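In: Let's see this in three dimensions:
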Amino acid sequence: MEVDEVPPAAFCCDHDGASQTPLRIDVHTHIMPARLPDLNQKYGYGGWISVENTGSGKARMMLDGKPFRDVECNCWQPEERIKEMAATSVDLQVISTIPVFFNYWAKPEHCLDLARYLNDNIAQTCSLYPSKFVGLATLPMQDPELAVQELRRCVEELGYKGIQIGSHVNDWNLDAPELDPVWTACEELDVGVFIHPWDMDNRGRMEKYWYPWLIGMPSETTVAISSLIFGGVLEKHPNLRVCLAHGGGSFPFTVGRIEHGFQVRPDLCATRCKQNPISYLGRIWTDSLVHDEDALQYLIKKIGVERIMCGSDYPFPLGEQEPGKLIDSCAWLSSEDKAKLLGLNAASFFNIDVDAIRRST
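Out: A predicted model of the protein is given here:
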């Protein structure tokens, strides 16, 4: 199925077979293994995440001996996730690793080793519950040759539908020529690319008020997609599918300024990109995680109702606690458009078999 072809509206049925609610696919959810080896010991240096069991189905993620994040069993137990999915009418989750596990800073062979461990874990979860989960692979992006190797393994051997990558790779923005083999392989293998911000500035003025997450993440996403545009990546790779987390970050709301810069300072902005940045809006996808009805309406106007997918950032507190609730609440959206936003667009982007999901519900 071509990406532009959105399947006819699909609805999940109740037990007597009557159509009730649109198919609901959450494209932005994170998961981690139930068990994680001592990575500092395994690889011989620090900087890796460790996990401490704090009891009662809870754990604490630690980074170099300092608390990073408290998590609950829904972060690693698929059965708990399925219960919570049922409670919020989510039919299928697209599951991906927590971005702190990207580890692009590490030695490539160690990053590959951990990526394989994480990808195998996600693949196992999807195999156990194929009607509930679809996986996104993580790659050692700091070594594009190894990244392509792992991408091929995940798609050809494990059945992955896409990958999740960070908004930059150490000192490389996403237009780095070194990354070109990854984009070529993504086109060849027909996988969707979910871009998640990570490694935000947390120093000086950005230390307080959770700024790295509230302000840094939207900015990181804007740098990522602007690099793909200005760097000529989208132009060179016309079949590359990319989706931006968190409603595209700041990009949809600053694209006018970005386009104006392209027009008035081509000597700075148009050195590797021939096409107007606005022309790529039909190529860019986002999730729906904007937390505000006016913002969602503007996002739909800029990105298009067929390019936005329900995404919640489950199971973390900055996400939408009831996936798709904002979409459901918009009285100005037609039932057909809600069905696209809640599930059908995701099925198109990730080549998910809608009929198989519908039969399993």
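In: what's the helix or strand where residue 84 lies packed up against?
Out: Here residue 84, judged by DSSP states H and E, is contained in helix 78-87. Helix 78-87 sits against strand 25-31, with contacts defined as 3 or more Cβ pairs under 8 Å, 6 or more residues apart in numbering; DSSP states H and E. Where C-beta positions appear, they are placed from N, C-alpha and C, glycine not excepted.
In: Show me where the stretch 1-150 of the chain dips below the pLDDT cut-off.
Out: Scanning the stretch 1-150 of the chain with the threshold set as pLDDT under 70 gives 1-20.
In: Just the helices from it, written as ranges.
Out: Applying DSSP state H, counting those that start in this stretch to the stretch 1-150 of the chain gives helices spanning 39-43, 78-87, 108-128, 144-156.
In: With the stretch 151-300 of the chain instead?
Out: Using DSSP H, counting those that start in this stretch, helices in the stretch 151-300 of the chain cover 180-189, 211, 217-230, 233-236, 251-264, 266-269, 293-303.
In: Give me the contact list for the second one.
Out: In this case it means helix 211. Defining contact as Cβ atoms under 8 Å, 6 or more residues apart in numbering, one finds that helix 211 is touched by 202, 205.
In: tell me the mean pLDDT for that helix?
Out: Across helix 211, the average pLDDT comes to 96.
In: And the last one, by the same measure?
Out: Predicted confidence along helix 293-303 averages 98 (mean pLDDT).
In: residues near residue 123, how many?
Out: 18 (other Cβ atoms under 10 Å).
In: what residues are up against the closest residue to it other than its chain neighbours?
Out: In space, and not counting its chain neighbours, residue 123 is closest to residue 158: 4.2 Å by Cβ to Cβ, 6 or more residues apart in numbering. Residues near residue 158 by Cβ under 8 Å, 6+ apart: 119-120, 123, 135, 137.
In: One more pass at 10 Å, please.
Out: Applying Cβ atoms under 10 Å, 6 or more residues apart in numbering, we find residue 158 in contact with 119-120, 122-124, 126-127, 135, 137.
In: With residue 93 instead?
Out: So residue 93 contacts 24-31, 78, 81-82, 84-85, 125-126, 129, 132-135, 312, 314, 323 (Cβ under 10 Å, 6+ apart).
In: and it, how far is that from residue 124?
Out: Residue 93 sits 15 Å away from residue 124, going by Cβ to Cβ, to the nearest Å.
In: Same question for residue 342.
Out: In this view, residue 342 and residue 124 are 27 Å apart by Cβ to Cβ.
In: Between those two, which is the more surrounded one?
Out: Taking other Cβ under 10 Å, residue 342 and residue 124 do not tie; residue 342 has more neighbours (27 against 14).
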